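J.: from the sequence below, what's the structure:
(2 chains)
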There are 2 protein chains.
Amino acid sequence: MTKPLLNTPDKQTDSLPGLFLRYRAEIGTALRQAITPQNSSKEAIAVYDMLRYYMGWADTEGNPIVATEGKYLRPTLCLFACQATGGSIEQAMPAAVALELIHNFSLIHDDIQDQDETRHHRKTLWAVWGIPKALVAGNVLRVVADFSLEELIRRGVDAETALGVASLLTEAYLEMIEGQYLDLSFEGQSDLGMQDYLGMIARKTGALIRCAFTMGALIGSGDKATANAFRSSGEALGFIFQVRDDVLGVWGDEKTTGKPVGADIRRKKNSFPVVHAMSQAKGAEKQSLLDIYRQDEVAEGDVGRVLEIMDRAETRGCAHEMAMEHGQDASDALESVELEPSARAEIEELIQFLVVREH
Amino acid sequence: MTKPLLNTPDKQTDSLPGLFLRYRAEIGTALRQAITPQNSSKEAIAVYDMLRYYMGWADTEGNPIVATEGKYLRPTLCLFACQATGGSIEQAMPAAVALELIHNFSLIHDDIQDQDETRHHRKTLWAVWGIPKALVAGNVLRVVADFSLEELIRRGVDAETALGVASLLTEAYLEMIEGQYLDLSFEGQSDLGMQDYLGMIARKTGALIRCAFTMGALIGSGDKATANAFRSSGEALGFIFQVRDDVLGVWGDEKTTGKPVGADIRRKKNSFPVVHAMSQAKGAEKQSLLDIYRQDEVAEGDVGRVLEIMDRAETRGCAHEMAMEHGQDASDALESVELEPSARAEIEELIQFLVVREH
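T.: Sure, this is the predicted structure:
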């Protein structure tokens, strides 16, 4: 049975697996250190205020606020993989920070692309400062990530591994951007195939999550085979994460997700539920779905109709089943790697959390 | 006496110093190789067509066209510095390519920020494909630059130098973005001080030009002192380049610059001429300038008035004088470096070209 959750950050963390809590404070500190102006002029410093606002540490005037931070999924995966394979938190932290910064960079640009004015109950950067400054602020965050990686060498990571880590991040970053491009290309396409959809999310969301596990294991073990096992595992985790995200986008509880039920139907988002329902629905139902999604806007009454069709297509159950299967893959991929039993148990807990999470 | 120039790329290159012509073809080839999809899906490949359009190699449908390439200033400086300090073109090419890609990335995002619909007589990316896709295409170009740097190692550059080169590029890139942010912050400020202006262009334009000279010398010599001398010299070159750009933005010949006389006055661009005139004008003239620049749009009749005030402030002569002084600095900075007489002569020719160029 899932515990009821309240919409406060403190309560939310209650249900997170212990490994998220273990690194949380240190990640927060390291991120704050990274997002600090270096030799910047008075005026350029203002861009860092924008970034501190976006990270949830400041209001729009730059005044500190009680932080409303996220789960730090990607840095947590990176630090965990490093520790589990014999490395230290300290060594992997620059890579962990870079991942979270690149993730947030992509969200800032995503918000511009999608014209989303709010995210997690807060106004987006472009909605406050306009598109030009928001665009630049995103680019600053992206380069702060590069600076963070330079720190690896200073923490005793050898040059070859450091270059390998940089290369992994570049690869994942390109895939992520290509995924964003695909997502834009698919917009307005009302009959997207499941393979196209899965290929898109593997890039847009999966690449960075996979990269988190791979980089952590490479830093921790210095061994390519180990890093590759974590890479396969991370790929599966990325899939589980996004499919669950898509499920929450349709059936999530507004209190925990910040979005009303049916939100992703209303905005005609190409996500797992609609792609699945389209692929399963037949005859009049299929026609009905197509008609609804071909309208410029989805009428409120049609949201219920779409939900009904998804119910009959057993979309939700099917998403859960696919997530479970990928959970098994994520676990199997690490069989060949030598891990402490406690680390293996934490991976199982992590998979379980990603499959059922409510936020 | 300046030779009359026609607005065709072939004629334009006639007046370029020989060192631009020397590397031109190889830079073009290397850039084309860099902007090639890697494991991209069919749909993602379309983003590379956008990039090939922007680089001047294709039309909006992706069909090859007779290329209208730029001067390749930054890669040329990088290759030249590498050769002059004992390295090969081949070793520095990945860095040279990265510079040109990052420069073009910044132009793509700049066009979005400034809502410019044309650049060099061609429609900008966002004007053809919309802001979201143009934004993503810019980001793809940025990451292709990172991939290019990875090639350094494969060309026998040692890991320490390769990391040093990456670090230089990251530093310059951040400065460039901060400069873009400053430029946005200064918009609408009708009485910008010369110091603020110079600080902004040193970042926005100067950083990447300085970086080109520094990276080339670091790869060529492997020596930090040599790289630092080229850094100082490159900083001066960046200044000359931008001040001349600003002069051409006001007094340039439309046939060669693509902009009518007074273009930067019409768009109220914060550039050297207006900042200088504002700082020099007194009494009624100063008031007149302020009044004109405080309007939402500069009336056609006011353009002539501004040009008059600039004439009386001797803005153009002053810009030339400052460029000459920085030319001396660019030359002096390399005094301590051992260079072939032919290389030194080419640097003088380069400086002279940057000071007087008409396009």
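J.: identify the residues contacting stretch A:220-228?
T.: Stretch A:220-228 has contacts (CB atoms under 8 Å, 6 or more residues apart in numbering or on different chains) with A:81-87, A:91-92, A:158, A:161, A:214-215, A:217-218, A:336-337. Where you see a C-beta, it was placed from the backbone N, CA and C, and this is true even at glycine.
J.: now the stretch 251-359 of chain A, which segments are flagged as low pLDDT?
T.: Scanning the stretch 251-359 of chain A for pLDDT under 70 picks out A:257-258.
J.: where exactly do the strands run in the stretch 151-300 of chain A?
T.: For the stretch 151-300 of chain A, applying DSSP state E, counting those that start in this stretch gives no strands.
J.: contact residues of it facing chain B?
T.: A:153, A:159-160, A:162-163, A:166-167, A:170, A:173-174, A:177-178, A:180-182, A:184-186, A:196, A:199, A:203 (CB under 8 Å from any CB of the partner chain).
J.: quick one, which of the residues you listed are buried?
T.: Among these, those buried by neighbour count (16 or more other CB atoms under 10 Å in any protein chain shown) are A:153, A:162-163, A:166-167, A:170, A:173-174, A:177-178, A:180-182, A:184-186, A:196, A:199, A:203.
J.: in the sheet, who's paired with A:K123?
T.: Assessed by DSSP bridges, A:K123 has beta-bridge partners A:T118.
J.: any idea how far it lies from B:H359?
T.: 44 Å (CB to CB, to the nearest Å).
J.: now swap in A:A212 and tell me
T.: 47 Å.
J.: more crowded one of the two?
T.: Using other CB atoms under 10 Å in any protein chain shown, the more surrounded residue of A:A212 and B:H359 is A:A212, with 33 against 16.
J.: check contacts around the more buried one.
T.: By CB under 8 Å, 6+ apart, the neighbours of A:A212 are A:L73, A:R74, A:P75, A:L77, A:C78, A:A81, A:A96, A:L99, A:G234.
J.: same deal with A:E300?
T.: A:R266.
J.: circling back: got a quick PyMOL command for the buried subset of the contacts of stretch A:220-228?
T.: Paste this into PyMOL to select the buried members of the contacts of stretch A:220-228, with burial taken from 16+ other CB under 10 Å:
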select buried, chain A and resi 81+82+83+84+85+86+87+91+92+161+214+215+217+218+337
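J.: all helices for the stretch 101-250 of chain A, in order.
T.: Here the stretch 101-250 of chain A has its helices, by DSSP state H, counting those that start in this stretch, at A:125-129, A:131-154, A:159-186, A:194-201, A:207-221, A:224-251.
J.: now those helices in CSV, with distance to B:E308?
T.: What follows is the helices of the stretch 101-250 of chain A, written out as CSV (distance: least, CB to CB, whole Å):
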stretch, distance to B:E308
helix A:125-129, 37
helix A:131-154, 32
helix A:159-186, 49
helix A:194-201, 58
helix A:207-221, 57
helix A:224-251, 61
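J.: for the spatially most central residue of chain A, what are its contacts?
T.: With distances taken as CA atoms, centre = their mean, A:T205 lies nearest the centre of chain A, 5.8 Å away. For A:T205, the contact set (CB under 8 Å, 6+ apart) comprises A:M176, A:G179, A:G238, A:F241, A:Q242, A:D245.
J.: closest to chain B out of the residues you listed?
T.: A:G179 (8.1 Å; CB to the nearest CB).
J.: and that closest one, how many neighbours does it have?
T.: 24.
J.: ok, now which ones touch it?
T.: A:G179 touches A:M200, A:I201, A:A202, A:R203, A:K204, A:T205, A:A207, counting by CB under 8 Å, 6+ apart.
J.: from A:G164, how far out is it?
T.: Taking CB to CB, one finds A:G179 at 23 Å from A:G164.
J.: and if you look at A:E358?
T.: A:E358 is 37 Å from A:G164, by CB to CB.
J.: with neighbour numbers in mind, choose between the two.
T.: A:G164 (19 against 16).
J.: so what pLDDT did that one get?
T.: Confidence at A:G164, expressed as pLDDT, is 93.
J.: pretty sure it sits against A:T214.
T.: No. Using CB atoms under 8 Å, A:G164 is not in contact with A:T214; the gap is 9.6 Å.
J.: give me the common contacts of those two.
T.: Common neighbours of A:G164 and A:T214 (CB under 8 Å, 6+ apart) do not exist.
J.: how about stretch A:91-111 and chain B, any contact?
T.: Yes. Contact of stretch A:91-111 with chain B (CB under 8 Å from any CB) involves A:H109.
J.: how far does that stretch sit from its chain's centre?
T.: Offset of stretch A:91-111 from its chain centre (CA atoms, centre = their mean, to the nearest Å): 10 Å.
J.: try stretch A:214-233
T.: 20 Å.
J.: so what's A:Y72 up against?
T.: Per CB under 8 Å, 6+ apart, neighbours of A:Y72: A:F20, A:Y23, A:R24, A:I27, A:G28, A:E100.
J.: by neighbours, which of those wins?
T.: For those, neighbours tallied by other CB under 10 Å; top is A:E100, 28 neighbours.
J.: who touches that one in this structure?
T.: A:I27, A:L31, A:Y72, A:R74, A:P75.
J.: and for A:E69?
T.: Neighbours of A:E69 in contact, by CB under 8 Å, 6+ apart: A:P9, A:R24, A:G28, A:M55, A:G56.
J.: doesn't it belong to a helix?
T.: No. Judged by DSSP: H, G, I helix; E, B strand; the rest coil, A:E69 forms no part of a helix; its state is coil.
J.: just the pLDDT for it.
T.: A:E69 is given a pLDDT of 76.
J.: give me the distance between it and A:P17.
T.: For A:E69, the distance to A:P17 - CB to CB - is 16 Å.
J.: repeat for A:N139
T.: Per CB to CB, A:N139 is found 34 Å from A:P17.
J.: more neighbours, those two?
T.: Taking other CB under 10 Å, A:N139 and A:P17 do not tie; A:N139 has more neighbours (27 against 19).
J.: surely A:G206 touches A:F239?
T.: Yes. Using CB under 8 Å, A:G206 is in contact with A:F239, at 6.1 Å.
J.: A:G304 - how many residues pack around it?
T.: Using other CB under 10 Å, A:G304 has 12 neighbouring residues.
J.: any idea how far chain B is from the closest residue to it other than its chain neighbours?
T.: Of all residues not flanking A:G304 in the chain, A:G262 sits nearest, at 7.9 Å (CB to CB, 6 or more residues apart in numbering or on different chains). Look at A:G262 and chain B: by CB to the nearest CB, to the nearest Å, they are 24 Å apart.
J.: equivalent analysis for A:L19, please.
T.: Taking CB to the nearest CB, one finds A:L19 at 30 Å from chain B.
J.: return the residues in contact with that residue.
T.: A:L19 neighbours (CB under 8 Å, 6+ apart): A:T76, A:F80, A:E346, A:E349, A:L350.
J.: repeat that for A:V128.
T.: Counted by CB under 8 Å, 6+ apart, A:V128 has contacts A:M50, A:Y53, A:T60.
J.: and A:G18, how many neighbours?
T.: 9.
J.: I'd say it and A:E346 touch.
T.: Yes. Shown here, A:G18 and A:E346 form a contact pair, counting by CB under 8 Å, at 7.3 Å.
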